[in-house]
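Engineer: pasting the sequence and the predicted coordinates here, then a few questions.
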Amino acid sequence: MKKRKRKAARQRKVNTKKGKRMEITNTDGRAADDADRISELPEHILHHILCLLRWPKDIVRTSILSKKWKVIWESFTSVDFDQRRFQNHKVGASNDLQSPPVEEQSASFKQVFKESLTAGYVDLRLMKFILFVENTLATRIEPLPSIQKFRLHVSSFVADLMTPYMNNWISVATDKNVKELDIHVKKADDVYENVVSQCYVLPQVAFASRTITSLKLHGCGMDVSAVIKLQNLRELSMKAMRINENVVHKFVQGCPLIEDMRLIKCHLLKFLHVSTLPKLKRLEVHEGSNLRSVKLEAPNLETFWFHGKKSSRCKLILAGCGNLKNLMLRHTHMADKSFQERIAEFPLLENLFLLECHALRRMTILSDKLKKLSVVRCSKLKEANIDAPNLLSFEYTGIELPFSSMNASQLQEVKLHLKSQKQKFHPLEVQKFVQGLEAKGFKLFLASKQDVIIYEEMRGIHLLPSRDFKIELTKSSRVLRNLLNSHLRQFHPKTLILMTSPSSDLLAFKKEIMMNKEKTPSCCKYYSKKCWRHYLEDIRMFEFSPSNINPNTSFELKWRSSPLSLPEDTDITGMNESMVHRDTKLTDIDE
Amino acid sequence: MASSTTGEKKILTLKGGDNEEFILEESLVLQSELLKNMVKEERVSSIPLPSIKSKTLVKIIEYLKKHAELTPSNKEEFKNFEKEFVNVVLEELLDITVAVNYLKINGLLEFCCQAVADRIKDKSVEAVRKIFRIESDFTPEEESEFRKETPEAFEGDLDDTTN
């Protein structure tokens, strides 16, 4: 009620001002001018405005104006201290470095210098980094009511010198109710062997915060007696951490809201048993070399990645994860039987990625939910039967094709990469497989390092024996162009053959390639790495039409070893000579 | 031909978004880092500024003139002028702020930002949304969540008149 009254009063007030202000307060006659203008201001200006608000309540209030303002607020209250930025000599050049005033600098500088001497590690850049963090925390962070993110990347950790500082920095962050904490520590890798042997042990304050929702730790250790209670933690990532199963158990017990957990290269870990995280949606375990068993009961788990070490004989027990949708396994010792049992436990599986499962010989996949299947370098796989009527994407890398039956009528993208050191493949097998995909509307991209052939229609396909096949089928011409571009960039192939359909999207591309002959490419001006166009030295084009309908084209490409940078006067007349029109067959050219 | 001259003073033409032309002494625009660079490096005599409305440009030129006349004795007067300068409809203030940021007139930018900040100060979320016509795209659930988490953010004056 009160509000309405105010509004009426406002309306009156406005009306008396000669209609000049009518345009902004008149809610009926909304003009184009009526847009939300302030949100269009560049981010740095909005940050500056936030700075000028000074009063914490006013600042925090902007975060709930709208989603856009929430983002602005979060970037305003995020700090990222990365020691690597201090490794070059231009300290102070970066615009977020505010050097403290000279007199203050000298006093605190002397202090840090003294401490460095005591620790037996004197490095000017490290000292400057410490001073920078100290100064920023005091001047920029201190006035803020709270901060969103605190990231600290220390690349030369020296225990005696850094530990007190880092403990203090982390406690400043937790005092400011930080939501995302990201601590990355790498020990100094130089001659000071004796001073750098210890790892950074995280302080207790990092594990007793009510506000932390995301915790990312890299290369630190933890006190065995640490008490872990992070009741709002949603995301936990621990990489190269010196932790054992007890610590993980403490996290599982003390952080009931974890949704996303990633354990990477935590080599001290022997077991991973998770059964009390009802919200867990994603779990990743990568390369824990001593891991013996993983046991999961997570009813809401949707994604599980297990990337085992080559030698690892880790046991996986995933019985209580019936809602799993994405499964990625690299497990060199998983046999047929345990694989089939695994798969049967996940009726909702949509995405399956098998990498280097070298013990797998036979597999059968029956699923009407599966959308994406990737089988990469499972070297012993001899027979595979796939019945997945809703499969959209399929990828296979290996020596030969083991698929004896494949029912996947909805496929949109197929990638096959066949590679063998010894013999050439029999292309008929591949040809049969490709044609068996009921491939209406597919375009075929066939490449080896030397040659590229593109068929825009799946008729009259003729494959030649090769040691290395990369075959991709796609229905999207955009994907096709990207494939071609990236292959040209990566391999500089010698021939390119386009078997185009009458309504080809590649005709424009053809013109574009020929244009390269005429002038220096104008792209990549601001990149130090130039795209393939800059390496192209010469192009010879042949046209041939076996069916007299489709304008098929073959290019011979010659490449330079280094990119062309200066504009040159290219001889345009030379182009006509090299454009030899011939009525010939594909095999004549592709000898 | 470099900039045209009348006597000793170099003359420069600024072209606003609606093609209106403003002729002024070159020395005036040197307060703008952007124009200063254009004048010094490219020796132009006419600068098109299509993204800036003429109305906004008039205001900015007015400021530049006043600022150029600033002496220790009329400091007080200039301060009053500055206050009056940002006492405009919000639209206009934002237009000026964007233009000043583009032209890199640092002193004035600081002042404009402060003026914008002053209009947010002490106001409730609802009032700020109304003043700046920011439409909340949060769901009612999210909104009530905020109220629970940060009740203090929902305090403040509900008055959404801007001055």
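Structural biologist: Yes, it's here.

Engineer: which stretches of chain B form helices?
Structural biologist: Remark: helices assigned in chain B by DSSP state H are B:26-29, B:33-42, B:54-68, B:75-86, B:90-103, B:106-120, B:125-132, B:140-149.

Engineer: which strands and helices lie in contact with the shortest one?
Structural biologist: Put plainly, it is helix B:26-29. Judged by 3 or more Cβ pairs under 8 Å, 6 or more residues apart in numbering or on different chains; DSSP states H and E, the packing partners of helix B:26-29 are strand B:9-15, helix B:33-42, helix B:54-68. C-beta here means a position set from N, CA and C on the backbone, and glycine is covered the same way.

Engineer: just the pLDDT for the residue of the stretch 151-300 of chain A found nearest chain B.
Structural biologist: The stretch 151-300 of chain A approaches chain B most closely through A:Thr211 (10.0 Å), counting by Cβ to the nearest Cβ. What the model reports as pLDDT for A:Thr211 is 93.

Engineer: so what's the nearest residue to A:Leu370 once chain neighbours are set aside up against?
Structural biologist: Nearest residue to A:Leu370 in three dimensions, chain neighbours excluded: A:Ala388, at 4.3 Å (Cβ to Cβ, 6 or more residues apart in numbering or on different chains). By Cβ atoms under 8 Å, 6 or more residues apart in numbering or on different chains, A:Ala388 lies in contact with A:Ile365, A:Leu366, A:Ser367, A:Asp368, A:Leu370, A:Leu373, A:Asn407, A:Ala408.

Engineer: for A:Gln340, what are its contacts?
Structural biologist: A:Met363, A:Thr364.

Engineer: closest to A:Glu134 out of the helices of chain B?
Structural biologist: helix B:106-120 (26.8 Å; Cβ to Cβ).

Engineer: returning to what we had before: separation between the residue nearest to A:Leu370 and chain B?
Structural biologist: Distance of A:Ala388 to chain B, given as Cβ to the nearest Cβ, to the nearest Å: 37 Å.

Engineer: neighbours around the closest residue to chain A within chain B, how many?
Structural biologist: Residue of chain B nearest chain A, by Cβ to the nearest Cβ: B:Ala117 (3.9 Å). Residues within reach of B:Ala117, counting by other Cβ atoms under 10 Å in any protein chain shown, total 19.

Engineer: now do the contacts for the residue of the stretch 151-300 of chain A closest to chain B.
Structural biologist: Counting by Cβ under 8 Å, 6+ apart, A:Thr211 makes contact with A:Ser146, A:Thr174, A:Asn177, A:Val178, A:Lys179, A:Asn232.

Engineer: make a ChimeraX selection of the buried ones in those residues.
Structural biologist: Those of these that count as buried under 16 or more other Cβ atoms under 10 Å in any protein chain shown are selected in ChimeraX with:
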select /A:146,174,178,179
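
Engineer: so of the contacts of A:Thr211, which ones are in helices?
Structural biologist: Short answer: these in helices (DSSP H) are A:Thr174.

Engineer: just give me the closest of the contacts of A:Thr211 to B:Ile47.
Structural biologist: A:Ser146 (44.5 Å).

Engineer: got the contact list for stretch A:391-407?
Structural biologist: For stretch A:391-407, the external contacting residues (Cβ under 8 Å, 6+ apart) are A:370-379, A:381-389, A:408, A:410-420, A:425, A:429-430, A:433, A:436-437.

Engineer: having no further points to raise, I will conclude here.
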